[in-house]
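J.: Using only what follows, build the 3D model:
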Amino acid sequence: MSKTTFRIGKVRITIDGVYSESTKYSILATVTNEKRTKVYVSKVDNNEGNLLTDTTKWECIMDCETAVDEATKKIIEEMESTDTSVTLSPNKMYEFPEMASLDFAFSGFVDDVLNEWQFSFDSGSTATTFSYPSSVIWTSTPTIEANKHYEVSIVWNQTDQTYYGIIVGWDLPTT
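T.: Here you go, the predicted structure:
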């Protein structure tokens, strides 16, 4: 029986570390960018001196930088001073202006992710009337004072089925 051999070329990727412009890469060679946040595979043989941004020579096969940015990006919702009684959705940042009163509730939480309700507001020359669900366990009982800016963060602990909150305030700048 006669044997025929076919040379099909490289059939698997090789891991070549951080990209160097002076290195000659073979087809299917994989490299990372300098920050090691993106992985590229060479589309051609004898790939030397071609920047990773040259999409005719390199294919980005993993972009952890964008994935992390997208995963951690907060949706910011600008609120009005008339939004005095609101239901907050998790994993958004609500920015309230100066508020005479603020009463909030929670919408449902999302399973298997950290749920955080985050918002900020200013208390004017008269302290904001602040009402919140009794189910929140605060690091200290919220006391709202006049002429302060407040940042609020409340997380849902799925393990013990509890809301935990923290509120921090500081003086507003005087003009």
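
J.: looking at the sheet around I137, what are its partners?
T.: Y164 (DSSP bridges).

J.: Surely it is in contact with T162?
T.: Yes. The criterion here is Cβ atoms under 8 Å, and I137 meets it with T162 at 6.0 Å. In short, each C-beta sits where N, CA and C put it, glycine included.

J.: all helices for the chain, in order.
T.: Applying DSSP state H to the chain gives helices spanning 64-72.

J.: which stretches of it form strands?
T.: 14-18, 29-32, 38-42, 58-63, 75-78, 85-88, 92-98, 101-106, 115-123, 129-131, 136-138, 148-157, 162-171 (DSSP state E).

J.: to the chain's geometric centre, what's the distance from the fourth one?
T.: Pointing back at strand 58-63 there. 21 Å (Cα atoms, centre = their mean, to the nearest Å).

J.: Paired strands for that strand, with orientation please.
T.: Applying DSSP bridges, one finds strand 58-63 paired with strand 38-42 (antiparallel).

J.: now what about the partner strand, what contacts it?
T.: For strand 38-42, contacts defined as Cβ atoms under 8 Å, 6 or more residues apart in numbering pick out 13, 19, 25-33, 52, 57-65.

J.: export that strand as CSV, just CAs?
T.: The C-alpha coordinates for strand 38-42 follow below in CSV (Å, rounded to 0.1, in the frame of the first residue of the first chain):
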residue,chain,number,x,y,z
LYS,A,38,-6.2,42.0,24.4
VAL,A,39,-5.1,38.8,22.6
TYR,A,40,-4.4,38.8,18.8
VAL,A,41,-3.8,36.0,16.4
SER,A,42,-1.7,36.4,13.3
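
J.: leaving aside the residues next to it on the chain, what's closest to C64?
T.: Nearest-residue entry for C64: T37, 4.9 Å, with adjacent residues in sequence omitted and distances by Cβ to Cβ, 6 or more residues apart in numbering.

J.: isn't that neighbour right next to C60, touching?
T.: No. Using Cβ under 8 Å, T37 makes no contact with C60, being 10.5 Å away.

J.: From S20, how far off is the residue nearest to C64?
T.: 17 Å (Cβ to Cβ, to the nearest Å).

J.: Comparing these two, which residue is more hemmed in?
T.: T37 (15 against 12; other Cβ atoms under 10 Å).

J.: What distance do you get for the closest residue to D122 other than its chain neighbours to T129?
T.: Distances taken as Cβ to Cβ, 6+ apart place E98 nearest to D122, at 4.3 Å, with adjacent residues excluded. As judged by Cβ to Cβ, E98 and T129 stand 13 Å apart.
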